[in-house]
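Engineer: Here's my sequence, what's the structure:
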Amino acid sequence: MPELPEVEVTRRGLIQPLQGATIERITLGKPLRWPLGVEPAALAGRMVQHVLRRGKYIVLQLDQGVLLLHLGMSGSLQTAPALPPAGPHDHFDLVTDRGTLRLHDPRRFGAVVWAPDMESAMAAKLLNHLGMEPFDEGFSLRYFAKGLKRSSTPIKQLLLGGQLVVGVGNIYASEVLFLAGILPSKPANKVTKPQAQRLHTAIPLVLGKAIELGGSTLRDFVQVNGYAGAFQAQANVYGRAGEPCKQCGTPVVAIKQGQRSTYYCRKCQK
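Structural biologist: Now for the predicted structure:
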């Protein structure tokens, strides 16, 4: 599933071709998770003013309204001056005076939703439950530590939930917990102050590195230029079950938490 780094890499790739572009038409393929929420023809002539991100949503801020795009489990966006005819897994084309933006999503868990503004009921339904952005000034150690103390949920599950901080998906949760030296199954409210400080530092560090490397490609994700992400090749523990820990040489362990794979080092993480 594309997570915050993949979505941020995608957002950055869309700024040049989309920001300032005028929508000429929208074509829809098979239905996605939610309906568009407006007649496609009503968006013709609207200008894309800004390409933003909130959590795992790309936000196209128009001169009237916003389009919220989510990549779901297997989605990716491509943009080019001209694209070939849409295939069976191409479900949304945004045709502008600068080219076409296409959502490709084999599993159709993605979404494109229009809302009149970011304060509207539909936008609030999708965005208001999201936690702090990991790169925002508001993501302070004090805020983070207080959030940990309020929950007895295993720390990895709390990170994945996104209510405390957004963007720490499955790959990145294993990686930040390794850097912080924290056992993934440890209750959040049992995380020590030094561990909390290390984890608070590790989250933007790992996510920032993933963004630099174009995100992670395990199955479907590609950047808007068609290239795969490279972070997974540099992971310390994720996907390395049975291989030696890069710090101590102990074999990396894989377990299941909430039906998701978790990777950690028994010796380095407490």
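Engineer: list the buried ones in stretch 33-42?
Structural biologist: Leu36, Pro40 (16 or more other CB atoms under 10 Å). (Glycine included, C-beta is placed from N, CA and C.)
Engineer: no wait, stretch 206-219
Structural biologist: Quick answer for stretch 206-219 (16+ other CB under 10 Å): Val206, Leu207, Ala210, Ile211, Leu213, Gly214, Gly215, Ser216, Thr217.
Engineer: Report the secondary structure state of Thr79.
Structural biologist: strand (DSSP: H, G, I helix; E, B strand; the rest coil).
Engineer: I'd say it and His104 touch.
Structural biologist: No. With contacts counted by CB atoms under 8 Å, Thr79 stays clear of His104, the gap being 11.4 Å.
Engineer: burial count for the residue nearest to Gly37 when sequence neighbours are not counted?
Structural biologist: Once flanking residues are discounted, Gly37 sits nearest to Trp114: 4.5 Å by CB to CB, 6 or more residues apart in numbering. Applying other CB atoms under 10 Å, we find 23 residues neighbouring Trp114.
Engineer: Does Trp114 touch Leu43 like I think?
Structural biologist: Yes. With contact defined as CB under 8 Å, Trp114 counts as touching Leu43 (7.1 Å).
Engineer: Could I get the contacting residues of the closest residue to Val166 other than its chain neighbours?
Structural biologist: Distance criterion CB to CB, 6+ apart; nearest residue to Val166, sequence neighbours excluded, is Gly55 at 4.2 Å. Applying CB atoms under 8 Å, 6 or more residues apart in numbering to Gly55 gives the contacts Leu4, Val7, Leu127, Leu130, Glu133, Gly162, Val166, Gly167.
Engineer: Out of those, list just those in helices.
Structural biologist: Secondary structure from DSSP state H places Leu4, Val7, Leu127 of these in helices.
Engineer: Enumerate every residue touching the last one.
Structural biologist: By CB under 8 Å, 6+ apart, the contact set of Leu127 is Arg54, Gly55, Tyr57, Leu68, Met118.
Engineer: want to throw those residues into TSV with secondary structure and pLDDT?
Structural biologist: Putting these into TSV (DSSP: H, G, I helix; E, B strand; the rest coil; pLDDT from 0 to 100) gives the following:
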residue	secondary structure	pLDDT
Arg54	strand	96
Gly55	coil	95
Tyr57	strand	97
Leu68	strand	98
Met118	coil	95
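Engineer: biggest separation within these, which pair?
Structural biologist: Farthest pair in the contacts of Leu127 (CB to CB) is Gly55 and Met118. Separation: 12.8 Å.
Engineer: Distance check, Arg102 against Asn189.
Structural biologist: 45 Å (CB to CB, to the nearest Å).
Engineer: These two: who's more crowded?
Structural biologist: Neighbours were counted for Arg102 and for Asn189 using other CB under 10 Å; Arg102 has more, 23 against 14.
Engineer: Hmm, that one is touching His89, no?
Structural biologist: No. Counting by CB under 8 Å, Arg102 stays clear of His89, with 10.2 Å between them.
Engineer: average model confidence for the helix or strand that contains Leu207?
Structural biologist: Here Leu207 sits within helix 193-212, counting by DSSP states H and E. For helix 193-212, mean pLDDT rounds to 96.
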